[in-house]
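Novice: Provided below are the primary sequence and the corresponding predicted coordinates.
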Amino acid sequence: MKLNCDLGESYGNWTIGLDAQVMPFIDQANIACGFHAGDPLVIQNTLKLAKKHGVSIGAHPSYPDLVGFGRRSMNCSTQEMIAFVIYQIAAVDGMATSLGLELQYVKPHGALYNDMMANDDIRKAILTAVSSYPKPLKVMLQATMELKAHKAQAKNYGVEVLAEAFADRCYADDGKLLSRTLAGSVHNKTKMLAQVKQLVEQGTVTTVSGNVLALNADSLCVHGDNIESVQAIGVLKELIG
């Protein structure tokens, strides 16, 4: 299992996340594309940091929502979603190419990610955007009980799926992430390490209500803006091997 992190989420004078501390420990960097966070200089510096540490790079597109950090759903048409996802992929891909790096995958951010997992039309729009991009890119989505169906759907678009689980987020009983508006949605260090150990050893997670769900994940996400996650990232790397 690989370790991935959402990075490059600073913007102008605002610094978010501890990218330099995280990057040496991860395998995959999901880089903000400017619509929820990230500006050209932040994107460039994040790419340089990934290159220095040999980390694979992915585009992390969002709804156009800088004010809400991409955590608010937006009523966009299919055509708009396809266009803004391609736009954001191209921004990171172009800057990566200028540094001799190769973009590998796409992982939607925040509300767009959650909506993709819950809404078939939105998932189709994202798959359409990725499949129409002029280079093969994988899509990272959440490992749920519907993973087999999601992989089959993506295959119809000629897109390969990377399934991810979450180190520091609490799971709802339906296998989705517990809403950030609810208490306990983000684990503290103790709960996070216990969840990762359970996932590695048993291939399962325990939900907010105590139910046990089986997950088949290729990559484990840790959030760079969660200070407890960052402080434990070396331990997380050891746990997943």
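Specialist: That came through fine. Numbers count the residues shown, from 1 in each chain.
Novice: and the helices in this structure?
Specialist: With helices called from DSSP state H, the chain shows them at 19-22, 40-53, 78-98, 110-118, 120-132, 147-156, 189-202, 227-231, 233-240.
Novice: single out the most deeply packed of those helices.
Specialist: Most buried of those by mean neighbour count (mean count of other Cβ atoms under 10 Å) is helix 110-118; its value is a mean of 21. (C-beta placed from N, C-alpha, C; glycine too.)
Novice: ok and that one relative to helix 120-132, angle-wise?
Specialist: Using axes from the mean of the first three to the mean of the last three Cα atoms, to 10 degrees, the direction of helix 110-118 lies 100 degrees away from that of helix 120-132.
Novice: from the rest of the structure, what touches helix 110-118?
Specialist: Outside helix 110-118, the residues that touch it by Cβ atoms under 8 Å, 6 or more residues apart in numbering are 36, 61-63, 65, 69-74, 107-108, 122-123, 126, 141-142, 144, 176-177.
Novice: looking at those residues, which are in strands?
Specialist: Leu141, Gln142 (DSSP state E).
Novice: how near is the nearest residue to Leu103 once chain neighbours are set aside to Gly34?
Specialist: Closest residue to Leu103 apart from its sequence neighbours, by Cβ to Cβ, 6 or more residues apart in numbering: Asp93 at 4.5 Å. Distance of Asp93 to Gly34, given as Cβ to Cβ, to the nearest Å: 13 Å.
Novice: where in the protein is pLDDT low?
Specialist: The chain contains residues with pLDDT under 70 at 224-226, 229.
Novice: if we can go back for a sec, correct me, but the residue nearest to Leu103 touches Pro61?
Specialist: No: with contact defined as Cβ atoms under 8 Å, Asp93 does not reach Pro61; the gap is 11.3 Å.
Novice: follow-up on the earlier one: residue contacts, the residue nearest to Leu103?
Specialist: Neighbouring residues of Asp93 by Cβ under 8 Å, 6+ apart: Ala59, Leu103, Tyr133, Lys135.
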